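> From the sequence below, what's the structure:
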Amino acid sequence: MKAFVIMPYGGTDPERVREFKRVFRYLIQDSIDNFDSKAEIIRQDHTSEGGYIIRNVIDNLATADIVVADLSYNNWNVAYELGMRHVMNKYGKDQVVQIVTFGTMAARGVIKDVGRALD
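Here you go, the predicted model:
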């Protein structure tokens, strides 16, 4: 089983980085290990994949058996990635593209437009 974890990483704040590492290790990783001790647990910041990061994230979202999302903080990246996984499950993995926009209002408008086009 492949499990992909999407969560905040803490950025440049050392205390936040430590906090998120503890959440990952003691809550998320332990829970997945208890479910399947042979699971491959992937977190994007723990991979050596180079290149275009969002492409790697999309590939991991598409190929993971389960996706675990830490929604305990208001993190746009986590919400965006979770939304992409929902679209993959609803419309198929070949229907997902990344739309680059500037500003949150434009991003919301694009998401609404894409949703209307797919329904």
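
> now the nearest residue to Ile66 once chain neighbours are set aside, what's its secondary structure?
Computed as Cβ to Cβ, 6 or more residues apart in numbering, the closest residue to Ile66 that is not its neighbour in sequence is Ala3, at 5.0 Å. C-beta: built from backbone N, CA, C; applies to glycine. Following DSSP: H, G, I helix; E, B strand; the rest coil, we place Ala3 in the strand state.

> Measure how buried Ala3 is and give me the count.
22 (other Cβ atoms under 10 Å).

> any idea how far it is from Ile41?
According to Cβ to Cβ, to the nearest Å, Ala3 stands 5 Å off from Ile41.

> I'd guessed Ile66 sits against Ile28; true?
No. Here Ile66 lies out of contact with Ile28, judged by Cβ atoms under 8 Å, at a distance of 11.2 Å.

> neighbour-wise, which of those two wins?
Ile28 (19 against 14).

> per-residue pLDDT, that one?
As predicted, Ile28 sits at a pLDDT of 95.

> Same check on Ile53?
75.

> now Lys2
At Lys2, pLDDT is 95.

> dump the residue contacts of it.
Residues near Lys2 by Cβ atoms under 8 Å, 6 or more residues apart in numbering: 39-40, 42, 63-66.
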